[in-house]
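Asks: Let's see this in three dimensions:
(chains A and B)
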Amino acid sequence: MFDMEKPQIISHMEKSVNYTLYDCKWIPRSAKFVTIGSHPRGTGALHVYEISHRDLIQLKVYETPTSLKCGTFAASSLQSRHLATGDFKGQLYVWDLENGKPVYQCDAHPEIINAIDGVGGMGVGEGAPELVTGSRDGAVKVWDVRQRDAPVACMEPEDGEDRRDCWTVAFGDAYNSEERCVCAGYDNGDVKMFDLRNMSVKWETNIKNGVCSVEFDRKDISMNKLVASSLEGKFRVFDVRTHNSKTGFASLEEKAHKSTVWLVKHLPQNRDIFMTTGGSGSLSLWKYDYPVKRVKVEDGVKTGVAGSLQYLQNATLSTQPVCGMDWSPDKLGLAVCVAFDQALRVIIVTKLNRI
Amino acid sequence: MASQEKLLKLQMGVRENAEELKDYLKDLDAWEEDIKKQDKTFNSMKPKHDEKLVVPIRSKKKAKPKPKDTPAEEKPKRIRSYDFKAWDKLNVDKMLEQMDTDDEENFQESKIDGEKLDHERRDIGIKEKEKGNDHFKKGNYNKSVEHYTRGMQYDPDNPLLPANRAMAYLKLQKYVESEADCTLSLSLDPAYVKAYLRRGAARHALGKVQSAIKDFNDVLKLEPENKQAKMELENIKKQKQKTKIKQTEESSQAKKEAKSDLCLVRPLNKPLHLQSKKPLRRIPVEEVGHELDVVVNGEKDTTQKTAQPPQTNPSILVLDENDKSDDLHKSLADTNNNTDDKKDSSVIMTNGHEEKSSKTVSTTPTFPGQKAKPTIPALPTTCFQFQADVKKLHFYPLLLCEYLKQLDPKNIRNLLKDQLETEILVDIVKSFNEDVIGNEEFILDFLFYLTSVKRFDMAIMFLSPSNRKEIKELFDKIHPLHSERCLQMEKLYGL
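Replies: Numbers count the residues shown, from 1 in each chain, chains lettered A, B, ... in the order given. I've put the predicted structure just below:
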C-alpha cells in the first residue's frame, strides 16, 4: 500500500563514467562532491562535480599514480578542505583538490587501504585532526598529518596471530580532546573497538560474517550507537552507551537487501536515521527507535536495552552493488552514491524532516 | 467503492509526492546559490589555517612540557637571553592564551605539506639548540655543530641557530664556514649584534680586515657602547701598525735572502692565532722575469709569454691562498717600493693569478698617492682616463667596484672605443667578485656591454686559466638569480 508519509528515495541525476567507482564524498560547505575510483590501467581517478540547476558539471579531473579505494574530508579544516585518500598500494595521500597536488603522502600500509575515516576537522569532534586507515595487512593505523611517516597509533595483531583483512574503520567517542575511539571490522566478522586514550581494546565481538561497514551515529558525542553491516545481508545495531562487563553492549540484528550490506551511513542531520546500501543495487532507509528505558539494572549491574528498527523506504537504483554513498552535510535529504555499474547518482530523499 | 477510494487516495498520494519533490527541488536551487557563496568565501580563506594547532600530536602528548622560551621565541620582540629581569616578568599563561586567540600571527605560513607544522619544528629546533649549547659549554664543538645543523634543518628561520653554529666554527677555526653562517643569521635578523661580532672575528681571521672593520662598525651603530666591538677595532688598528713596521723590516731581510736565492716567500705577518689553518700548498712558480728592467721597460710585454724560464727552485710555499685583503696589497706595494730602487729581482706571490699584480706593483710608483688610500675618481670622459683610473684602483677592488658603478653600462662601448686590455678586464672582474650581492643586475649588464667592445675577443683570448676561473666564479655567484642570462654570458666569455 502506498504510504504518503513515507520518505521517497529519488535518483535525481545520473552519470556514467569510464572507470570503476569506489567512493564518493561531498565537499563540505559546497554543492560539490568528489568521486574516487580506479582507471582500468591501474591509476587513480579523482573527479570533482558540482550540481548546478539540475545539471551535473564536471569541475576537475585528476589522475593519480595508483588506484584509489577510499577517501575522507573529516580530518581537514573547512578552510583547506583537503581530501585524504587510501589507495591500492597502501599509500595515504592528502590532496589539495584545487590543483590536484598532494600536500601529504606516506606509505601507510604494505597492502591496499580498504577504509579511511577522519575526525577533528570540519569542526566535528574535539581534539587533534586525525585519520585512521584499515588495510588488508590487518593493521589499523591512526595518522596525524603533522607527523610525517609514522602513525601516531597502530593497532595490529601480534606476531604469530592471524592477520585478518580489515575492511572498515570508523572514529567515534570524540566528545572531548582526550577521549577518542576507533572501531574496526574484519573479514572474519570481528568487530573491535580501540580506546585511543588508553591504547587498549575496549570491546570486541564477532557478528559471524565479514564486516563490510561500521559507523557510529555521531563521531563527536559520547558514543551512542554503532551499526555494523555484514556480508550475508544482515546488519547489527549496538547501543554502545551502556557497557556490561559480561554481556557487552545490547544489540539488535536486522535483515536487509538479501545480499551483502555494503554500507551504513547515518544521516548527519538526524542520527537515528541511516541508509544501508546493498549488493543488488538497492538502498534502504531505516530509523532506530529507542526503547522506553535504555538502561536496566540487574543485581546492581547496568545493562543496555536495544530499541527497535523502523523500515522507512527502499529503492533499487542499480543492478550492481552500491559501494559508496555520502549524505550531504549541508543539505538535508541530498546524497550521492556510486555503484559498480560505473555510474554515479545524486539522490534525493524527501520528507526526512517530518519523520 | 472501496477500490475507488483507494485509487483516489493513491492518486492524491502520487500528486502530493510530486509536489513534495518539486518543492524540494526549488529549495535545492535556492540552497545551491547560498552554498556556492559560502563555498567561495571558504575558498578565499584557504591560505589561512584554522587548525586547532594547540592540540598536540597524540604521540607527542606525553613528551616533556615545552621549554619556557618557546612562546618567547615567537614573539616579535625577542627577549635577550641575558636579560634575566625580562624573563622573570614573562607571563607564560598569558602568552598561551594569546596564542589561542591569535592563531594567524603564530602560524601564518604553516603549510601542511606533510612536514611537521611550524611550531612543532620550532620546538625541535630549540631543543637541538639547547643540546648544542650544552656541548659547546663542555668544549665539544664538533658535537655542538652537529646539533645546531640539525636544529637549522627543523627551524630554518631561527637566526640564533646559524649564529651559534658560527661561534662553534670560530672555535674550530673554520672561519669561512663561520662567516657564511653569520651572513645567514644576519639575513634572518639584520639587527642581531652577536652575528656581526662573530662575522667580524671570522673575517678578521680570514684577513678580510676591511669588511671586519665594517662589521664591528655596524655593531657600534646598533649598540654604541658595545665593548667587544670597540676592543676588536682597537686590536685591528694595532695590528695594522705592527704589520706595517714588521713588513718593512722583513722585506728588507727578505731582500738579503732574495739576493742569494732569487726567491722570496711572501712576507705575511699575521699573529699566529689569525693565520690560516689550511695546510701549506705547493704551487709551481711561473717566473716572471727576474730582471726588474724587463718589467719596467716592458710594460707592453705583460703577458706570460715574455716571462723568462725559472732559473732556480721552481716552487714556492704560499700561505693562505685566499688572502687578498687590502692591507696585504698595501704591504706588497710597500715592499716593492722599497725594493724598486735597488733593482731587486724578487718574485712576490700571493696566488697563482696574482703574478701580474706583482708586476704592476713594480710599475705603480708612476702613480702618485699610491700609499694613501685613493678616493673614487670622477666619471671618466676618455678611454685613457678610464684605464688610468682602473689601474689606480687596482688594489682597491671595493673602491673600483664603486667607481664602476657610477658608469652607465650602456656607455661603455663609447667610452672604451676599441681599447680593452686583458688586465683591465681582469681588474673589473676582480672588483665585481668582491661585491656581488645586490649588484647582480648591474654586473650582468656591465659585463654584457663589455662584450660589445671591439677588442673584447682579443682580451679574452689572453686570459690566463686562473683569470678564467675568476670569471667563472663571478658567474657562479650570480647564477642562482639569473641562471639563463648567466649561461648566455658564460658563452660570450668563452667559458
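Asks: remind me which residues of chain A are low pLDDT?
Replies: By pLDDT under 70, the low-scoring segments of chain A are A:1-4, A:122-126.
Asks: And the residue nearest in space to the middle of it, how far from chain B?
Replies: Closest to where the C-alpha atoms of chain A average out (C-alpha atoms, centre = their mean) is A:E215, at 5.8 Å. A:E215 is 22 Å from chain B, where distance means C-beta to the nearest C-beta, to the nearest Å. For every residue, glycine as well, the C-beta is placed using N, CA and C.
Asks: Name the SS class of that residue, please.
Replies: Classification of A:E215 using DSSP: H, G, I helix; E, B strand; the rest coil returns strand.
Asks: So it sits against A:A170, correct?
Replies: Yes: checked against C-beta atoms under 8 Å, the pair A:E215 and A:A170 is within contact range at 5.1 Å.
Asks: Please identify every residue contacting each of the two.
Replies: The contact sets of A:E215 and A:A170 overlap at A:L226 (C-beta atoms under 8 Å, 6 or more residues apart in numbering or on different chains).
Asks: Excluding chain neighbours, give the residue nearest to B:I35 in space.
Replies: Nearest non-adjacent residue to B:I35, counting by C-beta to C-beta, 6 or more residues apart in numbering or on different chains: A:A31, 5.1 Å away.
Asks: and that neighbour, what does it touch?
Replies: Counted by C-beta under 8 Å, 6+ apart, A:A31 has contacts A:E50, A:I51, A:S52, B:W31, B:E32, B:I35, B:K36, B:D39.
Asks: what about it, distance to A:S245?
Replies: Applying C-beta to C-beta, to the nearest Å, the value for A:A31 to A:S245 is 48 Å.
Asks: What are the phi and psi values at B:K244?
Replies: phi -60, psi -50 (degrees, to the nearest 10).
Asks: To clarify, my last question referred to A:G172.
Replies: Here is the backbone geometry of A:G172 (degrees, to the nearest 10): phi -160, psi 180.
Asks: what's the closest non-adjacent residue to it?
Replies: A:G172's closest residue in space is A:F216 (C-beta to C-beta, 6+ apart), at 3.5 Å.
Asks: next one: B:M167
Replies: Of all residues not flanking B:M167 in the chain, B:R198 sits nearest, at 5.7 Å (C-beta to C-beta, 6+ apart).
Asks: my guess is that neighbour meets B:A180, correct?
Replies: No: counting by C-beta under 8 Å, B:R198 stays clear of B:A180, with 11.3 Å between them.
Asks: Looking at the two, which is more packed in?
Replies: Neighbours were counted for B:R198 and for B:A180 using other C-beta atoms under 10 Å in any protein chain shown; B:R198 has more, 26 against 17.
Asks: helix or strand right after the helix or strand hosting A:L283?
Replies: If you go by DSSP states H and E, A:L283 is part of strand A:282-289. Proceeding N to C from strand A:282-289, the next assigned helix or strand is strand A:295-298, under DSSP H and E.
Asks: which other residues reach that following strand?
Replies: Contacts to strand A:295-298, defined as C-beta under 8 Å, 6+ apart, come from residues A:R241, A:T242, A:K302, A:T303, A:G304, A:V305.
Asks: So in that sheet, which strands flank the following helix or strand past it, and in what orientation?
Replies: Sequence-wise, the next helix or strand downstream of strand A:295-298 (DSSP H and E) is strand A:301-304. Sheet pairing of strand A:301-304 (DSSP bridges) gives strand A:295-298 (antiparallel).
Asks: With only the CA atoms kept, save the strand it pairs with in PDB.
Replies: Presented in PDB, the C-alpha positions along strand A:295-298 are these (Å, rounded to 0.1, in the frame of the first residue of the first chain):
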ATOM      1  CA  VAL A 295      19.200   1.000  30.700                       C
ATOM      2  CA  LYS A 296      18.000  -1.700  33.000                       C
ATOM      3  CA  VAL A 297      19.700  -2.600  36.300                       C
ATOM      4  CA  GLU A 298      20.000  -6.200  37.300                       C
END
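Asks: Centre of the chain to it, how far?
Replies: The gap between where strand A:295-298 is centred and where its chain is centred comes out at 31 Å by C-alpha atoms, centre = their mean, to the nearest Å.
Asks: Check stretch A:120-136 too.
Replies: That offset, for stretch A:120-136, works out to 12 Å (C-alpha atoms, centre = their mean).
Asks: Endpoint to endpoint, that stretch covers what distance?
Replies: End-to-end distance for stretch A:120-136, by C-alpha to C-alpha, to the nearest Å: 25 Å.
Asks: ok, now stretch A:316-329?
Replies: The straight-line separation of the ends of stretch A:316-329 (C-alpha to C-alpha) is 23 Å.
Asks: Can you pull out the low-pLDDT segments for the stretch 251-400 of chain B?
Replies: Ranges of the stretch 251-400 of chain B meeting pLDDT under 70: B:251-278, B:285-373.
Asks: 50 instead?
Replies: Scanning the stretch 251-400 of chain B for pLDDT under 50 picks out the ranges B:257-263, B:290-371.
Asks: got the residues of it near chain A?
Replies: For the stretch 251-400 of chain B, no residue is in contact with chain A (C-beta under 8 Å from any C-beta of the partner chain).
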